[in-house]
Structures are given as structure tokens and as C-alpha cells.
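In: dropping a prediction and its sequence here:
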Amino acid sequence: MLNVLVADDDPNVLQSVAGVLTDAGHQVTEARDGAEAATLLASCAFDLAICDVHMPKLGGLALLRRIRRDAPRTAVVIMTSHARIPDIVDSLRDGAIEFVTKPFDPHELVDRVVRPIAEHRSVRQRFEDARTRFAARLTGEVLIAESPAMHRLTQRITVLARTDASVLVTGERGAGKELVARTIHARGSRWGGPLVVMDGAMLQGRTARATPGSARPRTARSCSTGSSSSRRGPRRTCCASSTSPGRGP
């Protein structure tokens, strides 16, 4: 089952597409203009957005670009009554997976476009669930992604875990920086290597003694280094939080 957003200012099209998707077992949310769709996208994570090109307040192509920026995992299908070549080119260039011309058969849309997306998402979800369970066994905890912001965080963790880049994780005390660092390590290629966790308060004291009269340093709460072989350099994942002058770490 997919969580689908359908955005169109034509109530007949909106009702028709939403009805067929609901009958197919998907959860459907309706929006009657681009601005309403943008508001819904900011508050909920959708698997698929089906949007009309020409809508009041915010057009479909502008909405597509916003989705690609803020919710890159949301697949987008563009609908239009006027199949203009520039619109087709722009939508596909900006990341739409399909461009459909009205009138169309909603059942065909479900069979040709929505069902393959649902099958792909199902396979990917099972894979992500397996990775999450594996990471949880290594870290002892698991990241729960329900809000759009947490979905973006887990996406970034997945991307970073596949690279050799050094990572700096920042945030307030208790935000979960060490959990993020452990998850990056657990999901990366160095998962079998060592993970070293250090208390940044001790490092801060040493730094202050080594540099008398300097400004209060940014406090590193924990740093982890993992290496799976002597031929590859270690990944450094550091977690830092800001502290106000005159306050303890």
C-alpha cells in the first residue's frame, strides 16, 4: 500500500483518480491546489504525488521542484490537459517519473505506473527493515523515522554510510548524535571494524590547558573511528554540541 497525494483543481479528476487508488488499497490524500499540496507535503511523508501542471497558487512544475528538494523519496507523476513539449521536458528533467495527458483511464494509471512503484517500494522497505534490524543489533538502539525531517535524516545516513567521507554530527545535548554516529558506522562497509567512543569533556580540558587564554572551544561529545582493514583509512565520525560561555559542558 502506498501513501498517495493527489493534487488537482478539477474536482472530477480528483475524485476519479482518488477513488480508483482507494479501491486499489492505497491511502489517498486530496489537495485542490498547489499550495494545499505543499502544506500537506511538509507535514506528511508520501510515497507518490500525482499533480496537475496548472493549479491555482502553485503550479505542478513548481511543486515538483519543491518535492525533489524537500522529499526526494516521493515519486511524482505529472498530469495535464495540454501536452506541451516544454512542460514534458521540464517535468522529466526535474525528476517526474511519468507525464500523463488528460483524459486518461485511472485504472490504466494504477496498473502501468502505481503498481510497479508499490512493488519497488515493498522490496526496498524489506531491505531497509533488514538493514535497520542489523544496525539495531550493533548499536543496541534504532532510529525511528516518522516525520519528514527524520526521513531526510535517515536518507542522509544511508548516503553517508556508503562513502568514506568524514562526518561531523552537530546538535543539542541529548539529541541523539552518538546514535546517528553509531548507525552510520553500523550501516557502512566498516561495520566489522572497531568503533571508539570518547567523552568530549576530557578532550575539552586537555585542549583548554594546551591553549591558555583561547576562546572556549566547541565541545565534542563523542568521536568514533572505524577501520576494517589496514589498507583503508579510518572514517571519522565526530559529534559536537555548542555550549554557552560560562556554562559547564
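Out: Structure's in. What do you need?

In: CA only for contacts and neighbour counts going forward, please
Out: Will do.

In: now do the strands in the protein.
Out: Assigned strands in the chain, in chain order: 3-7, 27-31, 48-52, 75-80, 98-101, 167-170, 219-226, 235-241 (criterion: DSSP state E).

In: strands paired with the first one, and their directions?
Out: Meaning strand 3-7. strand 27-31 (parallel), strand 48-52 (parallel) (DSSP bridges).

In: output it in CSV with nothing but the alpha carbons.
Out: Once non-C-alpha atoms are left out, strand 3-7 reads as follows in CSV (Å, rounded to 0.1, in the frame of the first residue of the first chain):
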residue,chain,number,x,y,z
ASN,A,3,0.5,6.8,0.8
VAL,A,4,-0.5,8.9,-2.2
LEU,A,5,-1.1,12.6,-2.6
VAL,A,6,-3.4,13.7,-5.5
ALA,A,7,-3.4,17.4,-6.3
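
In: and the angle for that strand with strand 75-80?
Out: With axes from the mean of the first three to the mean of the last three CA atoms, to 10 degrees defining the directions, strand 3-7 sits at 20 degrees from strand 75-80.

In: any idea of the mean pLDDT in strand 3-7?
Out: For strand 3-7, mean pLDDT rounds to 94.

In: just the residues contacting it, thanks.
Out: Counting by CA atoms under 8 Å, 6 or more residues apart in numbering, the neighbours of strand 3-7 from elsewhere in the structure are 14, 17-18, 26-34, 37, 45-52.

In: rewinding a little: which of the strands of the chain has the lowest mean pLDDT?
Out: Out of the strands of the chain, the stretch the model trusts least by mean pLDDT is strand 219-226, with a mean of 40.

In: deepest-packed of the strands paired with strand 3-7, please.
Out: Ranked by mean neighbour count under mean count of other CA atoms under 10 Å, those are led by strand 48-52, which reaches a mean of 26.

In: roughly how far out does that one sit from the chain middle?
Out: From the chain centre to the centre of strand 48-52 is a distance of 18 Å (CA atoms, centre = their mean, to the nearest Å).

In: for L63, see how far away the residue nearest to the spatial centre of the chain is.
Out: Among the residues of the chain, the smallest C-alpha distance to the mean C-alpha position (CA atoms, centre = their mean) belongs to R152, namely 2.6 Å. Distance, R152 to L63, using CA to CA, to the nearest Å: 18 Å.

In: please apply the same query to D47.
Out: 15 Å.

In: of those two, who's got more company?
Out: Between D47 and L63, counted using other CA atoms under 10 Å, L63 has the larger neighbour count: 23 against 19.

In: look at R115 and report its pLDDT.
Out: Among the per-residue scores, R115 holds a pLDDT of 90.

In: that older thread, list the contacts for the residue lying closest to the residue nearest to the centre of the chain once chain neighbours are set aside?
Out: Sequence neighbours aside, A71 is the residue nearest to R152 in space, at 7.4 Å (criterion: CA to CA, 6 or more residues apart in numbering). Residues in contact with A71, defined by CA under 8 Å, 6+ apart, are L41, A45, P148, R152.

In: just L92 next, same as before
Out: Shown in contact with L92 (CA under 8 Å, 6+ apart): E98, F99.
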